[in-house]
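Novice: here is a sequence with its predicted model. Questions after.
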Amino acid sequence: MSAPDPLALPRLPRDESGPVFAEPWQAQAFALALQLHEQGAFTWAEWAAALSGRLKAAGPEDDGSRYYEHWLAALEGLTTAKRLAGAAELAERKLAWEEAYRHTPHGLPVELVTELLP
C-alpha cells in the first residue's frame, strides 16, 4: 500500500515518518479493516474501491481532516454489502457506544458492556 500524497490530504495528522492516528478509534478502524481483509471478508481491491468511492464522494472541498471518517464509512459499507453485519446492527452498536461514552467519567476509558447489547 503506498503512502497517501501529503498534498492530497493536507490535514491528515503526520509526524516525520508520515501519517499518524489522531484518535484511538482511527487506529482501531484501520486495524479492523486489515483484519477483515486478512480473514478474507473482502479483497484489497474491494477495499480500495470502497474507500476511493467515499473519498471521491466527499468532493474537492474535503481537506483530508475527515479521512478516517471516510475510512470508517467505507468499512461500514463493505460490512453491510458483504452481509457481515446489518445496517440495523451497526446502528444499535453505535448507539451503545454513544451511551457508554456519555456515562463514562472524564479521563476514564470508554467501555462497552456487551451483556447490555440486544
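Specialist: That came through, no problem.
Novice: correct me if wrong: residue 71 contacts residue 30.
Specialist: Yes: assessed by CB atoms under 8 Å, residue 71 is found in contact with residue 30 at 6.9 Å. C-beta: built from backbone N, CA, C; applies to glycine.
Novice: give me the more crowded residue out of the two.
Specialist: More crowded of residue 71 and residue 30, by other CB atoms under 10 Å: residue 71, with 20 against 15.
Novice: now the end-to-end length of stretch 17-29.
Specialist: This stretch, stretch 17-29, spans 20 Å end to end (CA to CA, to the nearest Å).
Novice: now do that stretch: distance to the chain's middle.
Specialist: Stretch 17-29 sits 10 Å away from the centroid of its parent chain (CA atoms, centre = their mean, to the nearest Å).
Novice: against residue 103, how distant is the one residue sitting closest to the centre of the chain?
Specialist: Nearest residue to the geometric centre of the chain (CA atoms, centre = their mean): residue 72, 2.5 Å. The gap separating residue 72 from residue 103 is 22 Å, by CB to CB, to the nearest Å.
Novice: what does the domain assignment say about the protein?
Specialist: As given by automatic domain parsing, the domain ranges for the chain are 10-85, 86-118.
Novice: which residues in the chain form strands?
Specialist: Along the chain, the stretches classed as strands by DSSP state E are 14-15, 18-19.
Novice: quick check: pLDDT value at residue 63.
Specialist: On pLDDT, residue 63 comes in at 84.
Novice: equivalent analysis for residue 5, please.
Specialist: 52.
Novice: residue 79 too?
Specialist: For residue 79, the model assigns a pLDDT of 92.
Novice: list the residues that contact it.
Specialist: With contact taken as CB atoms under 8 Å, 6 or more residues apart in numbering, residue 79 is in contact with 36, 85, 90.
Novice: can I get these in JSON lines with pLDDT and neighbour count?
Specialist: JSON lines is the format used below for those (pLDDT from 0 to 100; neighbours: other CB atoms under 10 Å):
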{"residue": "36", "pLDDT": "94", "neighbour count": "17"}
{"residue": "85", "pLDDT": "90", "neighbour count": "13"}
{"residue": "90", "pLDDT": "87", "neighbour count": "15"}
